[in-house]
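> Got a predicted structure here, sequence first:
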Amino acid sequence: MYDPLAIVLLAVVGLAASIHSAVTGFGGPVVLLPVLVAVFGMRDAVTILTVAQLFRNASRARFNRKDISWPVVGWFSLGSVPAGIVGGILFAKAPLPILTRLLGAFLLLVVVYRHIGQPNEHRMKHWWFTPIGAVGNFLSALVGSVGPLMARRSSPSGWSRGLTSARRR
């Protein structure tokens, strides 16, 4: 049985992460992930977050279906599906201490990257989404979410703002 205080903390952080994600369009899972790890452990936390992300992204696609660029989806899927499978297999087989260190390093990298990384200022060719999808989904399978890193690289690519951000500027 889980500690009631931990469940309350999870609910509060979940709400805060949801609000953050609704305003910025990304980042909610990265806020929620450390609390999920503290409450459920590394393997369960990433699994829970992955299922939540599946529903989150499906609903985002549903609401923005008129703005979806199907060629981009195809190129992205070409890299992301096989890389996600490989990442999932590694996640299932990797020793827990290595996964925990990888998650910690990733969360620190996200903070640093948000302060020094430059957003992508040019329109990318569609084929670039194959390696972007591969790297993003491979890392997502290992650490749960790479949204803040992906959003900076893919936002001016031809996807609408509705797909990459909930904000209307």
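Sure thing, it's come through.

> My read is that Gly87 contacts Val143, right?
No: applying CB atoms under 8 Å, one finds Gly87 not in contact with Val143, separated by 9.2 Å. Where you see a C-beta, it was placed from the backbone N, CA and C, and this is true even at glycine.

> which one of these two has more residues nearby?
When neighbours are counted by other CB atoms under 10 Å, Gly87 and Val143 differ, and Val143 comes out ahead with 25 against 21.

> Disregarding flanking residues, what is the spatial nearest neighbour of the more buried one?
Spatially, and ignoring its direct neighbours in sequence, Val143 is nearest to Phe106 (4.5 Å; CB to CB, 6 or more residues apart in numbering).

> In this protein, where is pLDDT below threshold?
1, 25, 117-122, 147-169 (pLDDT under 70).

> how distant is the helix or strand containing Ser59 from the center of its chain?
If you go by DSSP states H and E, Ser59 is part of helix 42-63. Centroid displacement of helix 42-63 relative to its chain, using CA atoms, centre = their mean, to the nearest Å, is 9 Å.

> What's the first helix or strand after that helix?
Per DSSP H and E, the first helix or strand lying C-terminal to helix 42-63 is helix 70-93.

> and the spatially most central residue of the chain, which of the three is it?
Against the mean C-alpha coordinate of the chain, by CA atoms, centre = their mean, the closest residue is Ser145 at 2.9 Å. Assigned with DSSP: H, G, I helix; E, B strand; the rest coil, Ser145 falls in the coil class.

> Backbone dihedrals for it, both of them.
Main-chain dihedrals, Ser145, degrees, to the nearest 10: phi -160, psi 130.

> just checking, it touches Leu33?
Yes: when contacts are counted by CB under 8 Å, Ser145 is listed as touching Leu33 (6.5 Å).

> Quick check: Ala105 vs Val12, distance?
26 Å (CB to CB, to the nearest Å).

> Find the residues that touch each one of Ser145 and Leu33.
Taking CB atoms under 8 Å, 6 or more residues apart in numbering as the contact rule, the neighbours common to Ser145 and Leu33 are Leu49.

> re the thing from before, go through the helix holding Ser59 and flag the buried ones.
Residues of helix 42-63 classed as buried by neighbour count (16 or more other CB atoms under 10 Å): Met42, Ala45, Val46, Thr47, Ile48, Leu49, Thr50, Ala52, Gln53, Arg56.

> burial count for the nearest residue in space to the third one that is not next to it in sequence?
Here the nearest residue to Val46 in space, its sequence neighbours aside, is Gly144; by CB to CB, 6+ apart that works out to 4.4 Å. As a burial measure, the neighbour count of Gly144 was computed by other CB under 10 Å and equals 27.
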